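Give me coordinates for this.
(one chain, ligands or ions: 1)
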Amino acid sequence: MRNQSLKIENARYVVTVDTQRRIIQDGSILIEGGRISGVGKAADLAGAMADRVIDARHRVVTPGFFNGHMHISYAHAVRGIFPDDLGSPLVHVFNLQAAMTEEEEYYTSLLAIVELVKNGTVCFVDPGSTKFPDACLQAYTDAGIRVILGECVTDRESPWNLPRYATGEAVARTASFVQKWHGRLQGRLSAWAMPFSPETCSADMLRGLKQVADEHRTGLTLHHGSGPQARKEYLARHGLRPTEYLESIGTLGPNVLLAHALGLDDAEIDCLARTGTSVAMCPVTAAKGGRGVPEHGRMPELLAKGVKVALGCDSPNNSNHLDLVRSMNMAAVQYKDARQDLRQIPAETALEMATLIGARALGLGNELGSIEPGKKADLVLFDTQRPEWQALFNPINNLVYNADGRSVHTVIVDGRVVVDAYRQSFVDEARLFAKVQEIGERLQARTGVTFPRSRWPIV
Ligand SMILES: [Zn+2]
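Residues are numbered from 1 along each chain as shown. All right, here's what the predicted structure looks like:
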C-alpha cells in the first residue's frame with residue numbers, strides 16, 4: 001500500500017507554498033513512492049497515470065499542517081472541566097497527567113490524534129506529556145501521522161508534579177530515549193530532548209540535553225518563561241534576559257524550539273534570530289488564557305527578523321481545540337486587533353506558519369511543508385462544497401477567515417490517504433469516545449480533581 005501511486009486531479013486550487021508561492025488553478029498532483037513527483041496545471045499532467053485517482057474538482061489542496069506545541073496525554077478525558085475563572089490550572093494538569101495509566105494514555109492519545117488528523121494536522125510536537133510511548137506507539141502507527149516525542153525531564157524543585165531526576169540521570173534518560181525512538185515508523189517518528197522549562201532545569205542539565213540533541217542531530221524543545229516579570233527576575237539573578245540566559249548556557253540554536261515565547265523584548269528577538277532558534281506560539285491559548293497579546297505578542301517582529309514561528313494548540317484544556325485552521329485564524333485576526341493595524345499577519349503568513357515555516361521550525365522544511373516535486377507527499381484537501389467556502393475567489397482568505405478544520409475532506413501523509421472523504425479507518429470513533437468519557441470519570445474520581453460542571457444548573 002505504501003508505494004501505491006496517487007493522482008490528485010483537477011483541483012480547483014493547489015496552494016503550493018513553493019518558492020514563488022504559486023496558487024495553481026485547475027491543478028493536479030502526482031505522488032509516487034510517497035513523494036510528490038509532479039505538480040502543475042491539470043492539462044499538463046493529463047497523461048500521468050496512477051493506481052488511484054482522486055477527483056479534486058471541488059477541493060482546495062494545501063500542504064499538511066504542523067502543530068508545534070500539542071500536549072496530547074491527559075486532557076481529552078477531562079476536557080472543559082476547568083472553570084474560566086480558575087486561574088492557572090497547572091497544578092491540576094500535572095496531577096491528572098501523573099495519574100494516567102498506560103491504557104488511559106493510549107486511548108486519550110488516540111482520540112487526540114483522530115482530532116488532529118481530521119483537522120489536517122500531519123505532524124505534531126508533544127512536548128513531553130506522553131509517559132508511555134510504548135503503549136501509544138500503536139496509535140501513532142495506526143494513524144499514520146508524524147510525531148515528535150520526548151521524555152519530560154527536570155532536575156529542580158517545581159510547584160508542579162513533574163518528573164524529576166538527578167542531572168546526569170535526566171541527560172542519560174534523554175539520550176537513551178532518543179536512541180530508542182528517533183527515526184522509527186519509517187522516519188515519521190522523531191525523538192527530541194524535552195526539558196520542561198529553564199526554571200525547572202539546571203544550566204548543566206540544559207547544556208547536557210542540548211549536547212544530546214546535537215550529537216543525535218535531533219531537536220530540543222522547552223517552555224520559555226519569558227515576559228516582563230521573568231525578565232526582571234533573570235536580570236536580577238543572572239544579569240541577562242531569559243532568552244539571553246539560554247544563549248549564555250549554549251541552549252539556543254537551529255535545533256531548538258521555544259514554546260509560547262510571549263513578552264520578548266527586541267534584544268531577545270535579536271538573540272533568537274542570531275542563533276537561528278525557532279518558536280512555537282499558541283495564539284488561541286494566549287487569547288483564552290488572557291495572556292495579553294496586545295502587550296506581549298511579538299509574532300510580527302519575530303517573523304520580520306526571520307525567526308521561524310510554528311503554530312500550536314497547546315492542549316485540549318488550553319486552546320481546547322486541536323484545529324490549526326482556527327489557530328491560523330486567531331493569529332491573523334489577533335494581531336490586526338491588538339495593533340489596530342490591518343497589515344499585521346496577513347492570511348498568507350498565517351498559512352505559511354502552519355505549513356512551510358512550521359515545518360522549518362521543526363527541522364523538517366527540506367522534506368515537507370510545501371507542494372513541490374521531490375518533497376514528501378503530506379497534503380490536505382478541503383471541501384469547497386460547503387456554505388462557508390462560498391463564494392470562492394481567494395482560496396487563502398476563505399481558508400483562514402471563513403473555514404475551519406471541519407471542511408478537511410482528505411488528508412495524505414507520506415503519500416498514504418489517512419483521512420478519506422472525512423473518514424479515518426484506524427479506529428471505531430463511537431467506541432473510542434465512550435471509552436475516553438469513562439476514563440475522564442475515573443480519573444476525576446481517582447485524583448479528586450473535579451469542579452462544578454457549569455455555572456448553570458445541570459438538571
Ligand atoms: Zn506546553
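
all contacts plus neighbour counts: C-alpha atoms, from now on.
Noted.

Please write out the alpha-carbon positions of the helix or strand hosting residue 229 in PDB.
Secondary structure from DSSP states H and E places residue 229 in helix 228-238. What follows is helix 228-238, C-alpha atoms only, in PDB (Å, rounded to 0.1, in the frame of the first residue of the first chain):
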ATOM      1  CA  PRO A 228       8.500  41.400  31.800                       C
ATOM      2  CA  GLN A 229       8.300  39.700  35.200                       C
ATOM      3  CA  ALA A 230      10.700  36.800  34.100                       C
ATOM      4  CA  ARG A 231      13.000  39.400  32.600                       C
ATOM      5  CA  LYS A 232      13.200  41.400  35.800                       C
ATOM      6  CA  GLU A 233      14.000  38.200  37.800                       C
ATOM      7  CA  TYR A 234      16.600  37.000  35.300                       C
ATOM      8  CA  LEU A 235      18.300  40.300  35.100                       C
ATOM      9  CA  ALA A 236      18.500  40.500  38.900                       C
ATOM     10  CA  ARG A 237      19.800  36.900  39.100                       C
ATOM     11  CA  HIS A 238      21.900  36.500  36.000                       C
END
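
Check which residues of it are buried.
228, 230, 231, 234 (16 or more other CA atoms under 10 Å).

so what secondary structure elements neighbour it?
If contacts are counted by 3 or more CA pairs under 8 Å, 6 or more residues apart in numbering; DSSP states H and E, helix 228-238 sits against helix 242-248.

Find the residue at the geometric middle of this protein.
Nearest to the mean C-alpha position of the chain, by CA atoms, centre = their mean, lies residue 67 at 1.4 Å.

Which pLDDT value belongs to residue 226?
For residue 226, the model assigns a pLDDT of 88.

And it, how far from residue 303?
18 Å (CA to CA, to the nearest Å).

the more surrounded of the two?
In terms of neighbours (other CA atoms under 10 Å), residue 226 is the more surrounded of residue 226 and residue 303; the figures are 22 against 17.

Tell me which other helices or strands the biggest helix by length in the chain touches.
If you go by DSSP state H, the chain has its longest helix at helix 429-447. Contacts defined by 3+ CA pairs under 8 Å, 6+ apart place helix 429-447 against helix 90-99, helix 102-118.

tell me which residues of it are tucked away?
The neighbour-count check on helix 429-447 (16+ other CA under 10 Å) flags 432, 433, 435, 436, 437, 439, 440, 443, 444 as buried.

low-confidence ranges in the chain?
Within the chain, the segments meeting pLDDT under 70 span 1-2.

I'd like the distance from the spatially closest residue to residue 107 that is not a sequence neighbour to residue 451, if you could.
Closest residue to residue 107 in three dimensions, ignoring its sequence neighbours and counting by CA to CA, 6 or more residues apart in numbering: residue 436, at 6.5 Å. Distance check for residue 436 against residue 451: by CA to CA, it reads 18 Å.
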